[in-house]
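Engineer: here are the coordinates; sequence isn't available:
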C-alpha cells in the first residue's frame, strides 16, 4: 500500500512542478533563456529518463539504467589521443540495405575512426539519391547484384555483400577489417587500437596457422551452449581471414520471410522434424557461416560437438563484450539490452543453457578455468548443423515438399 501511495504521489508531483514552474521562466534573462532553449531537448530528455528509471527501479524487481547515444555525428566529440595507427591500416565495412541511419553512421565513423577506410557494401536497387549521398561520405560504395537465391534467413545476401566489401579492402591492401551491419552503429573510439592489442596478447593457436592468420574477434551476443553460434553482428580480423569466413557456398534454398514470420516458420520446421523422429536443426545464418568456415579452413573429420566448438572458440576466435563496443542496433528490441538476460535467470533450469558468451567466460575458457560440462552438450545438441549442410541427413532438399504447406514462402531451387 505504501508503494502505491508513493507511486501516485510521483505521478501528481511531477506534472504539478512543471505546471507551476512555467511562469517562473518569465524571470529568466533572455540570453540565458535562449541558451537553455537550445539545450532544452537534452535537459527534458534527462529529466524524463531519470524519472522513468527511478520509478521503474522503485516499483519493479529490476534496476533500470539508461544510456544516451547521440543520433547525429555533430554531437560527437572526436578523440584527440595520439596513437601509432597509420592511415588506411584498417577498413570499416558496412554491409546490408542502407537508409538515412546508415548515412549518419558513416558520418559518425568519420569522427571516431578518422584513419579508417570506410566501405559501404549494399545493393543495386538502392535509392539513387541515397547512393549519391553515401558516395560523398564513404571512401567506396559497392552496389552489388543480388544473389540468385536468398538462402534461409537471407544468408546469401549477408555473405555476398560482406564478402564484396571485405574483398575490396583486401584489394586495396588494407590489412584489417572491422565488419559491421548497416542497421548497427558502434560508438566507442580507438576500437582498432584495442583489437590490435588483443590480437597481440592472444595470438592464434599455432595448430591453425595453415588456415588462418590471426584470431577473428566477435562480440558477446552469442550463447555459450549453442554450438557454432557466434552472433553475426560484428567481426574484426585480417582482411584475408574475414574474406575466407564469408566465402560461404551459396545456399540453394530461396526463402523470403519477414522478421515476424521467422518464429512461426521455425516451429513448422521443428514439428516436421519431430514427426520424422529427428531433432531440431537451427537455421540461423550465424551457425551456417561459422560451421562452414571451420569445415573449409580446418582439420578434416572434426565432429560437430559443443566440446569441439569450445575448442575452436578458445583457439581461433576472441570474444569481446558488446558493452565495450557501445553498439546500437536499429532493429529488433533495440531499446532493450537483452543480451545478458541469462544473468537475471539464476536459479532457473535454462540459466546456463541460454547464458551469453561474455568476455570473462571466454578468457576463463582460454586459461582453463572454465571446464567443459557434458550436460550442456545434451541441452543443445540439436543445433549443430547449418541448413545447407544437411547432406545425407535429409537426402538433399526434397523434405521441403512436405513442409511447404506450413511454410508457403519456402521452396527449394536446388
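Structural biologist: Right, received. Where do you want to start? Values in this document were obtained by computation on a predicted structure and should not be read as measured data.

Engineer: residue 307 reaches residue 377, doesn't it?
Structural biologist: Yes - counting by C-beta atoms under 8 Å, residue 377 is a contact partner of residue 307 at 6.8 Å. For every residue, glycine as well, the C-beta is placed using N, CA and C.

Engineer: more neighbours: which of the two?
Structural biologist: residue 377 (17 against 13; other C-beta atoms under 10 Å).

Engineer: what about the more buried one, which SS state?
Structural biologist: The three-state assignment at residue 377 reads helix, by DSSP: H, G, I helix; E, B strand; the rest coil.

Engineer: for it, list the residues it contacts.
Structural biologist: Residues near residue 377 by C-beta atoms under 8 Å, 6 or more residues apart in numbering: 305-307.

Engineer: doesn't residue 154 belong to a helix?
Structural biologist: Yes - assessed by three-state DSSP, residue 154 belongs to a helix.

Engineer: how near is the closest residue to residue 358 other than its chain neighbours to residue 369?
Structural biologist: Spatial nearest neighbour of residue 358, excluding adjacent residues (C-beta to C-beta, 6 or more residues apart in numbering): residue 220 at 4.8 Å. Plainly put, residue 220 is 17 Å away from residue 369 if you go by C-beta to C-beta, to the nearest Å.

Engineer: what of residue 303?
Structural biologist: Separation of residue 303 from residue 369 (C-beta to C-beta): 25 Å.

Engineer: which one's more surrounded, those two?
Structural biologist: More crowded of residue 303 and residue 369, by other C-beta under 10 Å: residue 369, with 10 against 7.

Engineer: pretty sure the more buried one is in a helix, no?
Structural biologist: No - using three-state DSSP, the secondary structure at residue 369 is coil, not a helix.

Engineer: roughly how far apart are it and residue 180?
Structural biologist: Residue 369 sits 31 Å away from residue 180, going by C-beta to C-beta.

Engineer: out of the contacts of residue 377, who's nearest residue 133?
Structural biologist: residue 306 (45.6 Å; C-beta to C-beta).

Engineer: per-residue pLDDT, that closest one?
Structural biologist: Listed pLDDT for residue 306 reads 86.

Engineer: can you tell me the closest non-neighbouring residue to it?
Structural biologist: residue 377 (4.6 Å).

Engineer: what does residue 199 give?
Structural biologist: Using C-beta to C-beta, 6+ apart, the nearest residue to residue 199 is residue 214, at 5.1 Å.

Engineer: so who does that neighbour touch?
Structural biologist: Here residue 214 is in contact with 199, 203-204, 237-238, 241 (C-beta under 8 Å, 6+ apart).

Engineer: can we see that at 7 Å?
Structural biologist: 199, 204, 237-238, 241 (C-beta atoms under 7 Å, 6 or more residues apart in numbering).

Engineer: could those residues be laid out in TSV, adding pLDDT, neighbour count and secondary structure?
Structural biologist: Formatted as TSV, those follow (pLDDT from 0 to 100; neighbours: other C-beta atoms under 10 Å; DSSP: H, G, I helix; E, B strand; the rest coil):
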residue	pLDDT	neighbour count	secondary structure
199	98	20	helix
204	97	19	coil
237	98	26	strand
238	98	21	strand
241	98	23	helix
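
Engineer: could you dump those to JSON lines with distance to residue 45?
Structural biologist: As requested, the contacts of residue 214 are arranged in JSON lines below (distance: C-beta to C-beta, whole Å):
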{"residue": "199", "distance to residue 45": "38"}
{"residue": "204", "distance to residue 45": "45"}
{"residue": "237", "distance to residue 45": "37"}
{"residue": "238", "distance to residue 45": "41"}
{"residue": "241", "distance to residue 45": "42"}
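
Engineer: now do residue 285 against residue 158, distance only.
Structural biologist: 6 Å.

Engineer: residue 239 too?
Structural biologist: Distance, residue 239 to residue 158, using C-beta to C-beta: 18 Å.

Engineer: try residue 86
Structural biologist: To residue 158, residue 86 is 30 Å away according to C-beta to C-beta.

Engineer: how about the secondary structure of the residue nearest to residue 199?
Structural biologist: Taken by three-state DSSP, the conformation at residue 214 corresponds to coil.

Engineer: show the backbone phi and psi for it.
Structural biologist: Torsion angles at residue 214 (phi, psi; degrees, to the nearest 10) stand at phi -140, psi 170.
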